[in-house]
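In: Structural data only, the sequence is not supplied:
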């Protein structure tokens, strides 16, 4: 049996379940195989780890700033208005995917990462001296988020070319960067705000991010040169091509739906624990516990994905995530139950971050990896932008916390089912196939 984890860019064809016209792919353009290891490839993994630490890891501290802005700095504004700062941060970090992806496919990662590093650090430095709502919206919600988006999406796209058979392991290891950042930043920011003030808390984070981005810019590189595609055929046709592939649509639809179910607990677990009477000192660490669990989940899903199939492991652990939302989060009322849920949810949902881009690239030509993964991240960004208002509406319209938990569980199960359907179509309904 040939390996079903081989990307389309290194195969003449693949069992896709589409019509021949839809399934046809352009000839392979990169003949040399990925090294799947070696010092240079693992240095790229290090750079991607740093990039995810300062982007996705940074996202996990925005709840701390939401609380500070709402109760200290921006008391004249409603919580809904203040929430646009973290909401825009999430959206722009994820939602710039198609634009960054197109630029990456045409020009490679180097200048995009340099520009992204500048914008990310500059935005945070400007936020540290901001005192007005519009200043924070522009500096933290837009400028910094634009930079973080360029950094993490370019680094993830570059990593694909260095690994094939061990791609899951590489992405799993790199994905732990966001988990570690998700543990460090929330604790670091909350304590620094109390002890050194908001300005120095933001500046300290910016200096740490700058140091890690220096490492990322020195180590992340594309294995193959960019290929500008200005030839016949029209840009519009190329941009529309992924949406004519039903399997691709099923995968990105599944990732989009799953994002709703994953973002809801991340955003509301701490608030729901407070309403249930959990001690405030414990609540402060719930997000850190969740991210610590996700570290091991990302490693596990990456390494097992190379052995039993990346789609297979993603489907199993994401179904478990949905079941946990319904079976453990709904009845949770004690400190132990919330801590257990946070650890288990983090562990099983960890595959989402480590394998999201891998799933898309596995059914895509490698030279289109940037744009196609960008589509998936854009849809995830849209889900992240609207999940908060949707959950707030559920709580305010008598659905209560139970309604939010059911919403999270159902969307996780629905998204995973869509990915499962794509996997079955691609493998021609072979249940036991490694894919």
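Out: Received the coordinates, thanks. The structure presented is a predicted model; accordingly, all values stated were derived computationally and were not measured.

In: Just want the most central residue of this structure.
Out: Residue closest to the average C-alpha location in the chain (CA atoms, centre = their mean): residue 353, at 4.6 Å.

In: Quick one: residues contacting the residue nearest to residue 105 when sequence neighbours are not counted.
Out: Distances taken as CB to CB, 6 or more residues apart in numbering put residue 370 closest to residue 105, at 4.2 Å, once the chain neighbours are dropped. For the C-beta atoms, the positions are set from N, CA and C on the backbone; glycine is no exception. With contacts defined as CB atoms under 8 Å, 6 or more residues apart in numbering, residue 370 is in contact with 100-105, 153, 157.

In: go with 6 Å
Out: Residues in contact with residue 370, defined by CB atoms under 6 Å, 6 or more residues apart in numbering, are 101, 104-105, 157.

In: quick revisit: and the residue nearest to the centre of the chain, what pLDDT?
Out: Residue 353 is assigned a pLDDT of 78 by the prediction.

In: just to revisit the earlier point, okay, the contacts of residue 370 in JSON lines with distance to residue 217 next?
Out: As requested, the contacts of residue 370 are exported to JSON lines (distance: CB to CB, whole Å):
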{"residue": "101", "distance to residue 217": "19"}
{"residue": "104", "distance to residue 217": "15"}
{"residue": "105", "distance to residue 217": "20"}
{"residue": "157", "distance to residue 217": "15"}
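
In: among these, which two are most distant?
Out: With CB to CB as the measure, no two of the contacts of residue 370 lie farther apart than 105 and 157, at 8.1 Å.

In: between the two, who's got more neighbours?
Out: residue 157 (28 against 21; other CB atoms under 10 Å).

In: Check the spacing between the more buried one and residue 396 real quick.
Out: 40 Å (CB to CB, to the nearest Å).

In: how does the chain divide into domains?
Out: 39-228, 239-435 (automatic domain parsing).

In: SS state for residue 35?
Out: coil (DSSP: H, G, I helix; E, B strand; the rest coil).

In: what about it, neighbour count?
Out: A count of nearby residues for residue 35, using other CB under 10 Å, gives 16.

In: Which residue, other than its chain neighbours, is closest to it?
Out: The shortest distance from residue 35 to any non-neighbouring residue, by CB to CB, 6+ apart, is to residue 41 (5.2 Å).

In: Number of residues surrounding that neighbour?
Out: Neighbour number of residue 41 under other CB under 10 Å is 18.

In: Report the next helix or strand after the helix or strand hosting it in sequence order.
Out: Element membership for residue 41, per DSSP states H and E: helix 39-54. For helix 39-54, the succeeding helix or strand toward the C-terminus, using DSSP H and E, is helix 56-59.

In: what distance separates the next helix or strand after that next one from the centre of its chain?
Out: Later in the chain than helix 56-59, the nearest helix or strand by DSSP H and E is helix 62-68. Relative to its parent chain, helix 62-68 has a centroid offset of 20 Å by CA atoms, centre = their mean, to the nearest Å.

In: same thing with stretch 424-433?
Out: Worked out by CA atoms, centre = their mean, stretch 424-433 lies 27 Å from the chain centre.

In: Start the count at 96 instead of 1 going forward.
Out: OK, 96 is where the count begins now, so the last one is stretch 519-528.

In: Tell me, how many residues neighbour the residue lying closest to the residue nearest to the centre of the chain once chain neighbours are set aside?
Out: Among residues not flanking residue 448 along the chain, residue 270 sits closest, at 5.1 Å (CB to CB, 6+ apart). Neighbourhood size, residue 270 [other CB under 10 Å]: 30.

In: now do residue 261
Out: Neighbourhood size, residue 261 [other CB under 10 Å]: 20.

In: Then residue 285?
Out: Neighbourhood size, residue 285 [other CB under 10 Å]: 18.

In: give the contact list for it.
Out: Taking CB under 6 Å, 6+ apart, we find residue 285 in contact with residue 159.

In: so which strand or helix has it?
Out: helix 262-291.

In: Can you name the residues in contact with the very next helix or strand once past that helix?
Out: The C-terminal neighbour of helix 262-291 among helices and strands, as given by DSSP H and E, is helix 293-314. Residues outside helix 293-314 that contact it (CB under 6 Å, 6+ apart): 138, 141-142, 145-146, 148-149, 208, 212, 216, 219-220, 222-223, 284, 287-288.

In: Mind doing that once more with 8 Å?
Out: 138-139, 141-143, 145-146, 148-149, 153, 156, 163, 167-168, 208-209, 212, 215-216, 219-220, 222-224, 246, 250, 280, 283-284, 287-288, 291.

In: are any of those residues buried, and which?
Out: 138-139, 141-143, 145-146, 148-149, 153, 156, 163, 168, 208, 212, 215-216, 219-220, 222-223, 246, 250, 280, 283-284, 287-288 (16 or more other CB atoms under 10 Å).

In: Pass me the low-pLDDT residue ranges in the stretch 296-445 of the chain, would you?
Out: Counting by pLDDT under 70, the stretch 296-445 of the chain has low-confidence residues at 322-333.
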